[in-house]
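Chemist: prediction below, plus the sequence it came from.
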Amino acid sequence: MNGVLRRALEEKQKLELIYMDDKGKISQRGNRIVSIKEETVIAYCYTRETVRSFKVANILSVTPYRERRRYKKIP
């Protein structure tokens, strides 16, 4: 997984992370990696609109970010 994170950092690629916090809550977030430390990834989180830190051990999945289409409901 570190290779994928490092490549995304180098290419400034937006990623989708599935992450579990220390309390066991799972979330899915769009991120852009800012830096990678030994056990932590610093990334801009598009969900929270701020820079956040993520423990590498708690990252469950990393995939390229795909924009979601928003459809209008038809009455």
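Modeler: Thanks, I have it. Keep in mind the model is a prediction, meaning the values are calculated, not measured.
Chemist: CA only for contacts and neighbour counts going forward, please
Modeler: Will do.
Chemist: check which helix or strand covers the closest residue to residue 1 other than its chain neighbours.
Modeler: Leaving out its chain neighbours, the residue that sits closest to residue 1 by Cα to Cα, 6 or more residues apart in numbering is residue 62, at 7.6 Å. Assigned by DSSP states H and E, residue 62 belongs to strand 59-64.
Chemist: quick one on the thing from earlier: tell me the contacts of the residue nearest to residue 1?
Modeler: Taking Cα atoms under 8 Å, 6 or more residues apart in numbering, we find residue 62 in contact with 1, 4, 5, 15, 16, 17, 18.
Chemist: and those residues, which of them are buried?
Modeler: Using 16 or more other Cα atoms under 10 Å as the burial test, the contacts of residue 62 include 5, 15, 16, 17, 18 as buried.
Chemist: for the lowest-mean-pLDDT helix or strand in the chain, buried residues please.
Modeler: Sorting the helices and strands of the chain by mean pLDDT, DSSP states H and E puts helix 2-11 at the bottom, at a mean of 89. When burial is assessed from 16+ other Cα under 10 Å, helix 2-11 yields the following buried residues: 5, 8, 9.
Chemist: which residues sit against it?
Modeler: By Cα under 8 Å, 6+ apart, helix 2-11 touches 14, 15, 32, 33, 34, 35, 36, 62.
Chemist: what lies in contact with the following helix or strand past that helix?
Modeler: On the C-terminal side of helix 2-11, the closest following helix or strand by DSSP H and E is strand 14-20. Residues from elsewhere that reach strand 14-20 (Cα under 8 Å, 6+ apart): 8, 26-33, 54, 58-66.
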